[in-house]
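In: Provided below are the primary sequence and the corresponding predicted coordinates.
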Protein chains: 4
Amino acid sequence: MVIVMGPEATSGDVEAIVALVEAAGVEAFVSKGVRRTIVGLVGDVAQLDGASLRGMTGVRDVMRISAPYKLVSRENHPERSTVHVGGVPIGPGTVTLIAGPCAVETHQQTLDAARMAQAAGARLLRGGAFKPRTSPYAFQGLGEAGLRILADVREETGLPIVTEVVDAQDVELVAKYADMLQVGTRNMQNFALLQAVGAAGRPVMLKRGMSSTIEEWLMAAEYVAQRGNLDIVLCERGIRTFEKATRNTLDVAAVPVAQRLSHLPVIVDPSHSGGRRDLVLPLTRAALAVGADGVIIDVHPQPEQALCDGPQALVEDDLGELAQVMTDLPPLLGKSAAAALAL
Amino acid sequence: MVIVMGPEATSGDVEAIVALVEAAGVEAFVSKGVRRTIVGLVGDVAQLDGASLRGMTGVRDVMRISAPYKLVSRENHPERSTVHVGGVPIGPGTVTLIAGPCAVETHQQTLDAARMAQAAGARLLRGGAFKPRTSPYAFQGLGEAGLRILADVREETGLPIVTEVVDAQDVELVAKYADMLQVGTRNMQNFALLQAVGAAGRPVMLKRGMSSTIEEWLMAAEYVAQRGNLDIVLCERGIRTFEKATRNTLDVAAVPVAQRLSHLPVIVDPSHSGGRRDLVLPLTRAALAVGADGVIIDVHPQPEQALCDGPQALVEDDLGELAQVMTDLPPLLGKSAAAALAL
Amino acid sequence: MVIVMGPEATSGDVEAIVALVEAAGVEAFVSKGVRRTIVGLVGDVAQLDGASLRGMTGVRDVMRISAPYKLVSRENHPERSTVHVGGVPIGPGTVTLIAGPCAVETHQQTLDAARMAQAAGARLLRGGAFKPRTSPYAFQGLGEAGLRILADVREETGLPIVTEVVDAQDVELVAKYADMLQVGTRNMQNFALLQAVGAAGRPVMLKRGMSSTIEEWLMAAEYVAQRGNLDIVLCERGIRTFEKATRNTLDVAAVPVAQRLSHLPVIVDPSHSGGRRDLVLPLTRAALAVGADGVIIDVHPQPEQALCDGPQALVEDDLGELAQVMTDLPPLLGKSAAAALAL
Amino acid sequence: MVIVMGPEATSGDVEAIVALVEAAGVEAFVSKGVRRTIVGLVGDVAQLDGASLRGMTGVRDVMRISAPYKLVSRENHPERSTVHVGGVPIGPGTVTLIAGPCAVETHQQTLDAARMAQAAGARLLRGGAFKPRTSPYAFQGLGEAGLRILADVREETGLPIVTEVVDAQDVELVAKYADMLQVGTRNMQNFALLQAVGAAGRPVMLKRGMSSTIEEWLMAAEYVAQRGNLDIVLCERGIRTFEKATRNTLDVAAVPVAQRLSHLPVIVDPSHSGGRRDLVLPLTRAALAVGADGVIIDVHPQPEQALCDGPQALVEDDLGELAQVMTDLPPLLGKSAAAALAL
């Protein structure tokens, strides 16, 4: 059971709730978010009287939810949600293209990639300033200098920025520059980071862990939501299997499954799924066809010189076909191509 | 290295080749197929002189192929192949819908399912008379009685038949009725069966093993091809992963990967991939969008009474949308919808 | 529910049973084995009267079993079973070493390997005459010539023979030579083969499929058992995972899990699990320590010249340590080392 | 290439090195650890002159290492290392039992569990004060109050403490109380956390990620090592596979594989591997037999009331057998049981 407090609720109101439920032998977890405070109840909640709880001062809503995730479940919110990032919608009515370089390397490279992205119909710019790398000897990103480059390129192109944050201690810094905070696959169960981005007041893109079930993914989203932030976009990026021909195995079925279990938008990363340039466009088509609310794609002006994941970046020559895909497929799914075209 | 003998080659011609290569310390494997005999060479083939071999009596071709599979590799045959089943093409120019009941139960059920399939645009009828079941206590299929029902329904609907064979000893029997022999996921490395269907003179549909790599799948196809049968269609049907929300994980990237490595057509089974009715249409769209040359789908007039896999069968209400998908998507991929429509 | 008929039961007795249960709307599957006939009942068995059934002529036992596998379940047979192979026990009281070459290549190589096996304490000789190989260009075994070599070596060493059969059509031939029939990992769900070995009157070693669950493995054993053959030994040989440092991942927990669910003996193949010589002894120790009833190990006099799986075969130098392991560990588990030593 | 500076090296010495290598077009990553500073070189290191580098002021060692991990590789340090935790050794000569409750709940529960652990031969106490939980509604640990309980129980029992830290921001706090910092499976690639524990001046236990390869695990250890901390113990805790009978699949082969690739000690967590009480002792035996340098085991005085992972905790009745295992097995592996017995 989840009790959602209104914005007007005082800490006294919350304490009164907690005292009441604890007196009934139920545990209460208070999560103070930016926009609202939530009290999660765990234990024998059947004996609690929902109506009385709903009547207490400061309470906006009381929900009994059977799914293990509550706030992000579709039981809680039957309409699928749209998340806005710098004014760009990601949600059921549209298909949104996010593109850019895997890592920010220089201003010129980032600007060139952003122009490429825009030419293909992208509405949001991706680019990593903090890169989580398997090897400590690999390029780790430019840090704040990279964030400044992204902000400059946003200025020049008008594209809002999606960028990764890898450490709870950096959330405030990254949120100063970014329009959307990305949590990467290796951090999907970094709960401190999830809570920090949940409290940062920015939309969040949550990548699926490379061996996480869909249920665990939604539980991770719940950690973000508990801090009062429901502006979450789920991103399927391939799971780890025995197959070696591709970097990961794109679990395309995860898109409709997650959309049925949760009201959150679901997008796909075809670049990291396959890890091969020649698979990006086929997997993009598959993602749109299965009903994804968007895709996030690596593009690079000179992938052979990329400091990170060059082999999977699209190049100039691929952009026409990408733009075509973004134009042709959405209408077949009853989605608007507007997001992809109206630049 | 592979030596392909012409149809006119005598057994003396073959023996001469074998003697020559064995004298050079290389092993020779002779595969006598229905249409041609192939001599596979293993060992230090670098020292053999291709030109001399090519000049020997009865030799049609000599191929040096770097892939571990030879006859099915795209190195061997750069054009993608089209396989014809009872006159229906499966290949690069078309998208072919195969549909029908998972298992043949009665004549009426099979005929009803075939009519449903046809209404949705199917050109081939699937239906199992021999069912490989995890449990020996589950329904194992009607056997030859089921094959007779399929043949009757073919008569009534004009749809050629695709049906599974599970034992090398049954190949002759099944080939008497079937237009295409299906080898199931559990038998992908049943090499005796592969060789038997390779020699049966019928097109073969080879499902990917549920934990097989794409390379192993192509090696299995090579077993069929070695018997002189290159009328093979590969079928991706989902692989086994840790995810529990779906029966298997559809590896949609396997379609373009296999198409690049092999000249054989590749289709997808969205019914067994997801194992859930609500995922069949999304996964069908994904399959077509990624470039599959066809799909094979379970339909059932009364799935709640099905003896096998009822929960994944499409019903009457789904057919309109399936037909729509089969009409809308192929043109976007530069494929003809003709196969699906011209009944 | 399973009805076990006595050896004296006539076909008329069986027909009477079938008529009775079918009259009650329950399906009956009759399995005629070498030693007994079994009638498996599927459907609403709750309404059947066990006592009446037990009273019918020819009925030896009537069992209600909740596990999906019946005859091999420990519910059915709470005592763990011992299987005897040419007089050598495999079961709860002992630890049995089976060793020999992966493939039979020549008489000398097989005899040398058998002597090596014996020196390490082996009581049974393994060796493949029919080899299921991923590639059709790889060595496929010597066939019947290999079986004759095995029989000769048995004569010379006194070691009973364990050898693989890969095709239902070969079962009779292989059973003429072998003391125990092995079903390999790729054939775990080759149901025709399972039924054929079940009817062959020889003990069976059933390897776990490389991506099969323990439950599916027991279901496969049930196919063998249904033909009246309960002399089945389960063999864990590693499962397929994402890890690349080893050929497969030895699922050591599968040993106690399978022993709790089934009364059948469970052994381990440390050679195929790791696929590396340097892991064979550590994995053998792990197998014995976790409670395996035996191990099956590749040994080869000259592994660098082996036609199959040379990199995982133990050599002369390893045998002393293997013998030591077979002596030291069993007593700690309350098992007798006798099987390994009393040659 | 890695340059290890001596403790006497000044920052000027380091700057001189960096200037030199950067002048040669090679990138330098400086990691200042508690005990030493390390300069990792990435790029075309072949052109650098190792002898000259070795001669520069402040340089202790220059290593060319082919493995992608450098400091933790056995190439770098051919002798296997022993890590001391509060005076207790973990390493090649001994087998160390670490035991205690999954989560610290109360002082009494923790003390009772510690006494149980000690009775079974444990030399170190495990217990979680910060618990990473899949669900935000599950018990998250007592935080600092839990650490204080652990410190009190250490006082009462003499057992040094191993406890998990889940957030880089908590490292300082946890290090104030703990003798060894544990990084959990979900955080194996939380690089900020790895760097923070690397700098904390405490031994670290690094659990393998649930779908991480052994190579990725060693790369994660390298992140810790780069901060100057080589007191790292690797812990195999089961990987994620398709098998559902166990919580995870214990990859027992990972122990010898990791020991051959790295000089770090490797232990096993049989409790989390199987997730079932009845498998803890068999898996403990397997772990010791395969050569693990220790095991970490959940024990709980009243597991049915445990707030976390009760079903896998050993109880009072299991302790005698655990003690027996810790006594019997190590001598067979040439290891001393002293660590387990000399309390």
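Out: Thanks, I have the structure now.
In: Residues contacting the strand or helix carrying residue A:151, please?
Out: Per DSSP states H and E, residue A:151 falls inside helix A:144-157. Helix A:144-157 has contacts (CB atoms under 8 Å, 6 or more residues apart in numbering or on different chains) with A:103-104, A:106-107, A:110-111, A:114-115, A:118, A:125, A:127-130, A:142, A:159-161, A:163, A:173-174, A:176-179. From N, CA and C alone the C-beta is placed, and that goes for glycine too.
In: Could you identify the buried members of those residues?
Out: A:103-104, A:107, A:110-111, A:114-115, A:118, A:125, A:127-130, A:142, A:159-161, A:163, A:173-174, A:177-179 (16 or more other CB atoms under 10 Å in any protein chain shown).
In: so of those residues, which ones are in strands?
Out: Members of those lying in strands (criterion: DSSP state E): A:125, A:161, A:163.
In: List just the nearest of these to chain B.
Out: Lowest distance from chain B to these (CB to the nearest CB) belongs to residue A:125, with 25.5 Å.
In: So that closest one sits against residue A:161, correct?
Out: Yes. Counting by CB atoms under 8 Å, residue A:161 is a contact partner of residue A:125 at 5.4 Å.
In: contacting residues for residue A:18?
Out: Counted by CB under 8 Å, 6+ apart, residue A:18 has contacts A:28, A:30, A:39.
In: any idea which of the residues you listed has the most stuff around it?
Out: Ranked by neighbour count (other CB atoms under 10 Å in any protein chain shown), those have residue A:39 at the top, with 21 neighbours.
In: Pretty sure that one sits against residue A:16.
Out: No. Contact criterion CB under 8 Å: residue A:39 and residue A:16 do not qualify, at 10.7 Å.
In: Get me the contact residues on the stretch 201-343 of chain A for chain B.
Out: Residues of the stretch 201-343 of chain A lying close to chain B (CB under 8 Å from any CB of the partner chain) are A:211, A:213-215, A:239, A:241-246, A:249-257, A:260, A:273-274, A:278-279, A:282-283, A:285-291, A:328-329, A:332-333.
In: what's near enough to touch residue A:117?
Out: Contacts of residue A:117 by CB under 8 Å, 6+ apart are A:97, A:99, A:100, A:125, A:159, A:297, A:299.
In: and the second one, that one's in a helix?
Out: No. According to DSSP: H, G, I helix; E, B strand; the rest coil, residue A:99 belongs to no helix; its state is strand.
In: Pull up the per-residue confidence for it.
Out: According to the prediction, residue A:99 has pLDDT 97.
In: Look at it and say how many residues are nearby.
Out: Residue A:99, neighbours per other CB under 10 Å, totals 30.
In: Check the third one too.
Out: Counted with other CB under 10 Å, the neighbours of residue A:100 add up to 30.
In: so how far is residue A:314 from it?
Out: 11 Å (CB to CB, to the nearest Å).
In: Then the fourth one?
Out: Here the distance between residue A:125 and residue A:314 works out to 14 Å (CB to CB).
In: Same question for stretch A:1-13: list its buried residues.
Out: A:1, A:2, A:3, A:4, A:5, A:9, A:13.
In: what about that stretch, near chain D?
Out: No. Applying CB under 8 Å from any CB, one finds stretch A:1-13 separated from chain D by no less than 8.7 Å.
In: Likewise for stretch A:159-173?
Out: Yes. Stretch A:159-173 is in contact with chain D by CB under 8 Å from any CB, via A:166, A:167, A:168, A:169, A:170.
In: contacts with chain C among the residues of the stretch 201-343 of chain A next to chain B, please.
Out: Checking those against chain C (CB under 8 Å from any CB), the matches are A:241, A:242, A:244.
In: Who wins on neighbours among those residues?
Out: Going by other CB under 10 Å, residue A:241 tops these with 26 neighbours.
In: Just to check, that one is in contact with residue B:243?
Out: No. Under the criterion of CB under 8 Å, residue A:241 makes no contact with residue B:243, lying 9.8 Å away.
In: Do you have the helices of chain A handy? List them.
Out: A:11-23, A:50-55, A:107-119, A:144-157, A:171-177, A:191-198, A:214-226, A:254-261, A:270-274, A:277-290, A:319-332, A:338-341 (DSSP state H).
In: can you list the ones you listed in TSV and add mean pLDDT?
Out: Converted to TSV, the helices of chain A look like this (pLDDT from 0 to 100):
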stretch	mean pLDDT
helix A:11-23	89
helix A:50-55	84
helix A:107-119	96
helix A:144-157	97
helix A:171-177	97
helix A:191-198	95
helix A:214-226	95
helix A:254-261	98
helix A:270-274	95
helix A:277-290	97
helix A:319-332	93
helix A:338-341	44
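In: and those as CSV, adding distance to residue D:93?
Out: What follows is the helices of chain A, written out as CSV (distance: least, CB to CB, whole Å):
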stretch, distance to residue D:93
helix A:11-23, 51
helix A:50-55, 60
helix A:107-119, 53
helix A:144-157, 48
helix A:171-177, 45
helix A:191-198, 37
helix A:214-226, 40
helix A:254-261, 48
helix A:270-274, 44
helix A:277-290, 50
helix A:319-332, 60
helix A:338-341, 64
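In: closest to residue C:191 out of those?
Out: Minimum separation from residue C:191 across the helices of chain A (CB to CB) falls at helix A:254-261, 31.3 Å.
In: Give me the packing partners of the closest one, helices and strands only.
Out: Using 3 or more CB pairs under 8 Å, 6 or more residues apart in numbering or on different chains; DSSP states H and E, the elements in contact with helix A:254-261 are helix A:214-226, strand A:232-236, strand A:266-268, helix A:277-290, helix B:277-290.
In: now the contacts of residue A:117 as a markdown table including distance to residue D:81?
Out: A markdown table is the format used below for these (distance: CB to CB, whole Å):
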| residue | distance to residue D:81 |
| --- | --- |
| A:97 | 50 |
| A:99 | 46 |
| A:100 | 43 |
| A:125 | 46 |
| A:159 | 50 |
| A:297 | 45 |
| A:299 | 45 |
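In: ok, of those residues, which one's closest to chain D?
Out: So of these, ranked by how close each gets to chain D (CB to the nearest CB), first place is residue A:100, at 22.1 Å.
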